[in-house]
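# Provide a 3D model corresponding to the input given below.
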Amino acid sequence: MDQRSQIREFLTSRRARITPQQVGLPSHGTRRVPGLRRSEVAQLAGMSVEYYSRLERGDLSGVSDQVLDSLARALRLGDDDRTHLEDLARAAGPAPRRRRRPAPTAVRPSVQRLLDSIVDAPALVMNARGDVLATNALGRALYAPMIEAARGEVPNHARFIFLDPRSRHFWGDWERAADETVALLQAQAGRDPFDKNLTDLIGEVSTRSEDFRTRWARHDVRQHHQGAKPFLHPLVGTLDLTYESLDLSADGLTLIAYGTEPGSDAEDKLRLLASWTATNAPAGDTSERR
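Alright, predicted model coming up:
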């Protein structure tokens, strides 16, 4: 991943999403490209056209927080986009080649014990590349199609979603799952553009999936939060689950736990899945196979 290209494409994509009317500017003449012109962004951000052009060419080195604030306001960036812009600027700083600690490929025993203590809800731990490193018993049952598709390798969200046709029969809303997965990878690429394993993953999936390439070109970003996900589970059918994410900051990992609305059909189905899990031999802990 070329860092200057990341910056350039992110800023131009955000500029293209805003019309002059949205920001109270007059629109004169025929526009060759959608959205604002560079001069209009510069005007809104209170900077010269030359300076903004430098930024959009991919040079964020030495940019102050005040400039980032002005740019974020001009481009109407949301929280995730603003965080991504800060990550891009940080990576472009005086020591851009200082590498972060590599993303973990396994969990500590205490983290696995924490997962195993969650008995009534599916839970898993994954790294920033979307590798599923560990699960609890119910998490293994929920993610069984992805784990089986990995064939003994580390299950990865992007590989499963974009390279395995079974994923379309697992995610209740495949399009949204695909969008969110790419947006998470895009955010991580901004945080750590020199992660070779991440670069290799993006390159692998890009060369094999047009769906991935199309989404990657949008430069949408997303952080781990909370929300809802529908699953099409082979044993219990449609499962509408909510989820909460917890950062394991000491490890650079994320714990995700799923739940249901009280009294819902999904609650009954999740109990059924838990009962099946309790009476059938598990396929094996993901952390034990890695």
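
# buried residues in stretch 82-91?
Buried positions in stretch 82-91, judged by neighbour count with 16 or more other Cβ atoms under 10 Å: Arg82, Thr83, His84, Leu85, Glu86, Asp87, Leu88, Ala89, Ala91. C-beta here means a position set from N, CA and C on the backbone, and glycine is covered the same way.

# and the fifth one, how far is that from Leu246?
Glu86 sits 22 Å away from Leu246, going by Cβ to Cβ, to the nearest Å.

# can you list the residues that contact the longest strand along the chain?
Longest strand of the chain, by residue count under DSSP state E: strand 237-248. Strand 237-248 is contacted from outside by 111, 122, 125, 142, 172, 224-233, 253-261, 264-266, 269-270, 273, using Cβ atoms under 8 Å, 6 or more residues apart in numbering.

# swap in 6 Å and give it another go.
With Cβ atoms under 6 Å, 6 or more residues apart in numbering as the test, strand 237-248 has contacts from 224, 226, 228-233, 254-259, 266, 269.

# same question for stretch 115-127.
103-104, 107, 132-136, 138-139, 142, 253-259.

# stretch 17-34: end-to-end distance?
Terminal residues of stretch 17-34 are spaced 7 Å apart (Cα to Cα, to the nearest Å).

# go through it and flag the buried ones.
Ile18, Val23.

# average pLDDT for that stretch, rounded please.
Per-residue pLDDT values across stretch 17-34 average out to 82.

# and it, how far out from the chain middle?
Relative to its chain's centre, stretch 17-34 lies at 30 Å (Cα atoms, centre = their mean, to the nearest Å).

# what of stretch 246-256?
Taking the mean of its C-alpha atoms, stretch 246-256 sits 14 Å from the chain's own mean (Cα atoms, centre = their mean).

# mind checking the longest helix of the chain?
In the chain, taking DSSP state H as the definition, the longest helix is helix 174-191.
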